[in-house]
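>>> sequence and predicted structure are below.
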Amino acid sequence: MEKMKIIGVIPARYASSRLPGKPLLDIGGKPMIWWVYQQAKKVAELDEVYVATDDERIAAVCREHDMPFIMTSDTHQTPADRIHEVSEKVRADLYVEINGDEPLIVPATIRAVIPGNLTKDKPFVASLYSRITNPIDAIDTTNLKVVVGQRGLGLYISRIPIPFPKGSLDFEYKKYIGIVAFNKIALDEYAGLPRGEIESAEDIDLLRFIENGIPVLFLKVECKTISVDTYKDLERVRELVRYPPPPPGTGVAHG
């Protein structure tokens, strides 16, 4: 079987509404994007890893720290838009999006989204979720909650805690992890579809696939990571970098 070419892409834009210049925020003496890149390049399955940015300040930091980067348009509305532009410039069988605000992500979690083989004649989209154990994370609108069907396919993604526990408390809230794998067909379809009503309301790009009946496979991982969306998140990450806990094992299971 021919080996797949797989590249990792770290979308990094400067103009974050909550944390301007987020990829360049200092964590332990290094910019946040550096921490993400260091973890991504440990994944042996990734043939190449690029930062995809629209800002020269981020590009300058990439040069300083020897991180390959690709300049992309500053008009993209979503990370998937940026990944699609990369797919037009770099040929690969699979593109793995690694969110640039996940500095504590571990290589095993990134590896979990990579399939053993890939169908090339239809769209492939896969992502990850973990079990929410802290009730505060369930109500935090910066943490995306995923509803997954019996075959591991995503039914919905929301900023509010769903499903609503009317009939039973026997369920777990599922937190979206910012790692997504796409093949080229999926990215092309995404780019050719308009932004839908639900995607616009929630401002979550994976909903464009779900709204249009394109399957999004979700895999469960056992991991604890922090998406840096606020200054409070940033301080939590800085503290963990300063005083790291023992490294946990990362198990993977189908949702």
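Nice, I can see it. Numbers count the residues shown, from 1 in each chain.
>>> grab the longest strand from this protein for me.
Secondary structure assigned by DSSP state E gives strand 174-182 as the longest strand of the chain.
>>> packing partners for that strand?
Packing contacts for strand 174-182, counted by 3 or more C-beta pairs under 8 Å, 6 or more residues apart in numbering; DSSP states H and E, involve helix 79-89, strand 94-98, helix 107-112, strand 125-131, strand 145-148, strand 217-221. (C-beta placed from N, C-alpha, C; glycine too.)
>>> TSV for these, including distance to residue 47 and mean neighbour count?
Below are these laid out as TSV (distance: least, C-beta to C-beta, whole Å; neighbours: other C-beta atoms under 10 Å):
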stretch	distance to residue 47	mean neighbour count
helix 79-89	14	20
strand 94-98	10	24
helix 107-112	13	21
strand 125-131	18	22
strand 145-148	28	21
strand 217-221	21	22
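>>> hmm, residue 37 is touching residue 9, no?
No: the pair residue 37 and residue 9 fails to qualify as a contact (C-beta atoms under 8 Å) at a distance of 11.0 Å.
>>> common neighbours of those two, please.
Listed as contacting both residue 37 and residue 9 by C-beta atoms under 8 Å, 6 or more residues apart in numbering are 49, 51.
>>> which stretches in the stretch 1-150 of the chain count as helices?
Ranges of helices in the stretch 1-150 of the chain, per DSSP state H, counting those that start in this stretch, are 32-40, 56-64, 79-89, 107-112, 135-139.
>>> nearest to residue 192, of those helices?
Residue 192 sits nearest to helix 79-89 of all the helices of the stretch 1-150 of the chain, at 9.6 Å, using C-beta to C-beta.
>>> CA atoms only for that closest one, dumped as CSV, please.
The C-alpha trace of helix 79-89 is given here as CSV (Å, rounded to 0.1, in the frame of the first residue of the first chain):
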residue,chain,number,x,y,z
PRO,A,79,-9.4,27.8,10.2
ALA,A,80,-10.7,25.4,7.6
ASP,A,81,-10.6,28.2,5.0
ARG,A,82,-6.9,28.7,5.8
ILE,A,83,-6.2,24.9,5.6
HIS,A,84,-7.9,24.8,2.2
GLU,A,85,-5.5,27.5,0.9
VAL,A,86,-2.6,25.5,2.2
SER,A,87,-4.0,22.4,0.4
GLU,A,88,-3.9,24.5,-2.9
LYS,A,89,-0.2,25.1,-2.3
